[in-house]
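Visitor: make a model of this:
(one chain, ligands or ions: 1)
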Amino acid sequence: MKPVRVALLGCGTVGEGVVKLMRRNAALLERKLGVPLELAGVADRSLRPSAALGLTAKLITRDAAALVVRPDVDIVVELFGGREPARALILKALAAGKDVVTANKALLAEHGEQIFAAAAKAGMAIGFEASVGGGVPIIRTLREALAGDRQRAVYGIVNGTCNSILTMMTEQGAEFSQALAEAQRMGLAEANPALDIEGHDAAHKLCLLVTLAFGALLKPPQVHTEGISHITQADIAYARELGFTIKLLAIAKDDDGAIEARVHPTMIPTRHLLAGVAGAFNAIYIHGEALGSTMYFGLGAGQMPTATAVMADVLEIARARSAGAGARGHALGYPMASMTRARVKPMDDVLCEYYLRFEARDKPGVLGAIASVLGRGGISIASVIQQGRGMEGTVPVIMRTHEARERNLKRALARIRRLDTVSGTPAFIRIEERL
Ligand code: HSE
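Guide: Residues are numbered from 1 along each chain as shown. Reported below is the predicted structural model:
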């Protein structure tokens, strides 16, 4: 009955959740594993002993580097976040024969190749269920449940902060800045809100989803990333009129080996399941060639949902350890040797339908001039909305295009911007209608 022993690096929100689950469910976990699961130590600079959490002074240390190589530690759970010392500690733990569990999506997106290769070389496991979708078990699903199929497309609502802001803008008519302040008040946004609202957090998660779904390594700079700060209440209202809802989507498609990887505000049909995913919830919608579409839904952040995902990895590894299993499975669902580097389709080559919004002078021929630039650029208009009169004699003109190449659209918008009958910068939002 040799126990499996866990070292925790970082006891913030999620770490505390892990300690609570290990304590609260100790008997249940032992029943599931056949051996006890024990906390060997917690490295955290500001942690105080807590009777409620069962954290004695003896369990707490400031020396994470010493903790991760201690002979009585089997599994290292890294919840420091950030790049360093998290990266160095994970590599040290793997080299010392420890299995590792981490929720660190930014680190894995940027340095995944090094970390996964180090785990494979050491024959150790690296679990990262908590890194994408919080409590939604999407890593395991892609790696195991869907392993027999070829994935064609992944559409994720993977940033709860952006989803909460867009939900507030849609349901309460709030403007972006009001909704952001509210999301921050609710404690949803990351310490640096730019990571969330500029789409970088979603891009980190998309890198991991692409690697699991398509067996191809992808780094954040390869993901076309746009945030939601430019979305206005007018866009939300016109989207509604067109039958769409705006979501920040992390999108990956495999177009016969050329991978589309993009994060941007997207108009999707309001009747689609993803459009109903509100507030801090996350959802990942996957299209598999054989299976068709499936969706995975749940809380993408928060103490106990994320801690549950961490514990899923701890348990899987503890089971393997207690069964005496030797080398671990492939963390990404592919051996590193058969992993490719993603060949990313340039954004200019992507085909999309578009929503366009112009502020135009209200005089004869303006609509015709805009339409003519679009027509010359090979962009076909599907519908037009022009209503009311705006300030200073301008009117908003809304157009929806048929499918067009991004390169052509950008060129046409640059030309339209130069028309003296159009003021400001034309706004556009990509539409995904057939997801
Ligand atoms: N900041 C993230 C979000 C949660 O808003 O979804 C952690 O991944």
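
Visitor: so who does G279 touch?
Guide: Taking Cβ atoms under 8 Å, 6 or more residues apart in numbering as the definition of contact, the neighbours of G279 are 160, 163-164, 167. To be clear about C-beta, it is placed using only N, CA and C from the backbone, and glycine gets the same treatment.

Visitor: 10 Å - rerun?
Guide: When contacts are counted by Cβ atoms under 10 Å, 6 or more residues apart in numbering, G279 is found next to 160, 163-168, 171, 183, 186, 188, 299.

Visitor: so F116 lies in a helix, does it not?
Guide: Yes: secondary structure assignment places F116 in a helix (DSSP: H, G, I helix; E, B strand; the rest coil).

Visitor: ok, it touching R328?
Guide: No: at 11.4 Å, F116 and R328 do not qualify as touching, with contact defined as Cβ atoms under 10 Å.

Visitor: who has more neighbours out of the two?
Guide: F116 (22 against 19; other Cβ atoms under 10 Å).

Visitor: roughly how far apart are the more buried one and the ligand?
Guide: According to Cβ to the nearest ligand atom, to the nearest Å, F116 and the ligand sit 20 Å apart.

Visitor: check L218 too.
Guide: Here L218 is placed at a distance of 18 Å from the ligand (Cβ to the nearest ligand atom).

Visitor: then E38?
Guide: 28 Å.

Visitor: same deal with G377?
Guide: 37 Å.

Visitor: chain center to the stretch of helix or strand G375 belongs to, what's the gap?
Guide: When elements are defined using DSSP states H and E, G375 is found to belong to helix 366-376. Computed by Cα atoms, centre = their mean, to the nearest Å, the separation of helix 366-376 from the middle of its chain amounts to 38 Å.

Visitor: following the chain onward from that helix, which element is next?
Guide: Tracing the chain past helix 366-376, the next element assigned as helix or strand by DSSP H and E is strand 381-386.

Visitor: and that following strand with helix 366-376, angle?
Guide: Interaxial angle of strand 381-386 relative to helix 366-376 (axes from the mean of the first three to the mean of the last three Cα atoms, to 10 degrees): 160 degrees.

Visitor: alpha carbons of strand 381-386, in CSV - could you do that?
Guide: Coordinates of each C-alpha in strand 381-386 appear next as CSV, following Å, rounded to 0.1, in the frame of the first residue of the first chain:
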residue,chain,number,x,y,z
ILE,A,381,-22.6,41.3,-51.5
ALA,A,382,-25.2,39.1,-49.9
SER,A,383,-27.3,41.8,-48.2
VAL,A,384,-27.3,45.5,-47.2
ILE,A,385,-28.8,47.3,-44.2
GLN,A,386,-29.0,51.1,-44.2
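
Visitor: the ligand contacts on the stretch 101-250 of the chain?
Guide: Residues of the stretch 101-250 of the chain found near the ligand (Cβ under 6 Å from any ligand atom) are 159-161, 188, 190, 196, 201.

Visitor: where along the stretch 201-350 of the chain do the strands fall?
Guide: 216-217, 224-225, 244-255, 258-269, 281-288, 292-299, 340-341, 343-344 (DSSP state E, counting those that start in this stretch).

Visitor: on that earlier part again, make a markdown table out of the residues of the stretch 101-250 of the chain next to the ligand and add distance to A250 and secondary structure.
Guide: Conversion of those to a markdown table gives the following (distance: Cβ to Cβ, whole Å; DSSP: H, G, I helix; E, B strand; the rest coil):
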| residue | distance to A250 | secondary structure |
| --- | --- | --- |
| N159 | 8 | coil |
| G160 | 13 | helix |
| T161 | 14 | helix |
| L188 | 17 | coil |
| E190 | 16 | coil |
| D196 | 13 | helix |
| D201 | 10 | helix |
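
Visitor: just flag the most distant two among those residues.
Guide: Spanning the widest gap among those are L188 and D201, at 11.4 Å by Cβ to Cβ.

Visitor: between those two, which is the more surrounded one?
Guide: With neighbours defined as other Cβ under 10 Å, L188 and D201 compare such that D201 has more, 30 against 23.

Visitor: so the more buried one touches T161, yeah?
Guide: Yes: D201 lies in contact with T161 (Cβ under 10 Å); the separation is 7.8 Å.

Visitor: please report phi then psi for the residue located most distally from the centre of the chain.
Guide: In the chain, counting by Cα atoms, centre = their mean, P364 sits farthest out from the average C-alpha position, at 45.9 Å. The phi/psi pair for P364 (degrees, to the nearest 10) reads phi -60, psi 140.

Visitor: that one and the ligand: what is the separation?
Guide: Distance of P364 to the ligand, computed by Cβ to the nearest ligand atom: 48 Å.

Visitor: got it, and P305?
Guide: 10 Å.

Visitor: how about the contacts made by that residue?
Guide: Neighbouring residues of P305 by Cβ under 10 Å, 6+ apart: 14, 17, 130, 133-136, 280, 282, 298-299.

Visitor: and for G123?
Guide: The contact partners of G123, by Cβ under 10 Å, 6+ apart, come to 94, 97, 99, 326-328.

Visitor: how about A301?
Guide: Under the criterion of Cβ under 10 Å, 6+ apart, the contact partners of A301 comprise 13-14, 130, 133-135, 159-161, 187-188, 190, 201, 280-282.

Visitor: over to A261?
Guide: Contacts were defined as Cβ under 10 Å, 6+ apart; by that measure A261 touches 154, 203, 206-207, 209-210, 214, 216, 218-220, 222-225, 250-253, 342, 344-345, 347.

Visitor: same deal with V154?
Guide: Taking Cβ under 10 Å, 6+ apart as the criterion, V154 is in contact with 138, 142, 206, 209-210, 212-214, 249-254, 261, 284-288.
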